[in-house]
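S.K.: No letters, just coordinates:
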């Protein structure tokens, strides 16, 4: 079953066009990546999917329903959970208040399961968001998205700015989610970690899809990595 289908997506900011006919699909249970150097349109694609930016053309469908330009709350209600770039947790709310604030009572995820998944959040449940480390804030951002019981989890810059050990812990947790059948779309620069997690990659350059294929195909083609991903 195809969960997310993006086709011919065009979007930008005012007169500055950023996306040109971007398209890809994610099936139930799959993990996929959206890759590319900085400024190539990855976050803009996520914003267009989530209804945070109105596309100029193209289509976004989720579970067969057209959600192109639907307001963000409708996209979330449809079953897409976002872990945004920069985490964007509520700094003046406690960990527990952050988790409860946008909880949707459907599916399996609840406060107890999130605490079991991230024990550190349980230990910090009474701490304000501003009192957490960067790694703990990322755990909270993921936990908050899980509290919406999404069918698809999108992570924009999943491990940006995190210490290697904490980043490895996040990757391990994403692997657990995938093993449990969660569909995931990840934006990150860690090619090795992504290749161990995802089923297929889509690479953007200057707002266009320049390569798409499996993790094995990408690892077997270093020229693609050099041309489109290395600085």
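M.R.: Right, received. Where do you want to start? Quick caveat: nothing in here was measured; it's all calculated off a predicted structure.

S.K.: CA atoms for contacts and neighbours, from now on please.
M.R.: Fine.

S.K.: How many residues are close by residue 67?
M.R.: Using other Cα atoms under 10 Å, residue 67 has 19 other residues around it.

S.K.: and it, how far is that from residue 77?
M.R.: Here residue 67 is placed at a distance of 11 Å from residue 77 (Cα to Cα, to the nearest Å).

S.K.: go on, residue 158?
M.R.: Distance of residue 158 to residue 77, computed by Cα to Cα: 22 Å.

S.K.: Show me the contact partners of stretch 175-184.
M.R.: Stretch 175-184 has contacts (Cα atoms under 8 Å, 6 or more residues apart in numbering) with 26-32, 151-155, 197.

S.K.: Tell me the one among those residues nearest to residue 114.
M.R.: residue 153 (14.5 Å; Cα to Cα).

S.K.: For the closest one, list each beta-bridge partner.
M.R.: On the basis of DSSP bridges, residue 153 is bridged to residue 81, residue 184.

S.K.: could you pull out the strands for this structure?
M.R.: For the chain, applying DSSP state E gives strands covering 2-13, 16-27, 31-35, 57-62, 65-66, 80-83, 152-156, 183-187, 200-205, 208-214.

S.K.: Now tabulate those strands in TSV and tack on mean neighbour count.
M.R.: Listed next are those as TSV, based on neighbours: other Cα atoms under 10 Å:
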stretch	mean neighbour count
strand 2-13	19
strand 16-27	18
strand 31-35	26
strand 57-62	20
strand 65-66	13
strand 80-83	25
strand 152-156	24
strand 183-187	24
strand 200-205	23
strand 208-214	16
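
S.K.: how about these, which one is nearest residue 144?
M.R.: Minimum separation from residue 144 across these (Cα to Cα) falls at strand 80-83, 8.2 Å.

S.K.: starting at the chain centroid, how far to the closest one?
M.R.: Between the centre of strand 80-83 and the centre of its chain there are 6 Å (Cα atoms, centre = their mean, to the nearest Å).

S.K.: Scan the protein for its longest helix.
M.R.: Counting by DSSP state H, the longest helix found in the chain is helix 164-179.

S.K.: quick one: which of the strands of the chain is nearest residue 137?
M.R.: strand 80-83 (10.8 Å).

S.K.: contacts for the closest one?
M.R.: 50, 141-142, 145-146, 148-156, 158.

S.K.: Out of these, which is nearest to residue 204?
M.R.: Using Cα to Cα, these come closest to residue 204 at residue 156, 14.3 Å.

S.K.: just checking, that closest one touches residue 188?
M.R.: Yes. At 7.1 Å, residue 156 counts as touching residue 188 under the criterion of Cα atoms under 8 Å.

S.K.: just to revisit the earlier point, quick one: which of the contacts of strand 80-83 is nearest to residue 112?
M.R.: Closest approach to residue 112 among the contacts of strand 80-83 (Cα to Cα): residue 146, at 11.8 Å.

S.K.: For the closest one, give me its contacts.
M.R.: 81, 109, 114, 153.

S.K.: repeat that for 6 Å
M.R.: Going by Cα atoms under 6 Å, 6 or more residues apart in numbering, residue 146 touches no other residue.

S.K.: How about residue 145?
M.R.: So residue 145 contacts 81, 82 (Cα under 6 Å, 6+ apart).

S.K.: rerun at 8 Å
M.R.: Residues in contact with residue 145 (Cα under 8 Å, 6+ apart) are 81, 82, 83, 153.

S.K.: which residues does the last one contact?
M.R.: Right, residue 153. Neighbours of residue 153 in contact, by Cα under 8 Å, 6+ apart: 80, 81, 82, 83, 145, 146, 182, 183, 184, 185.
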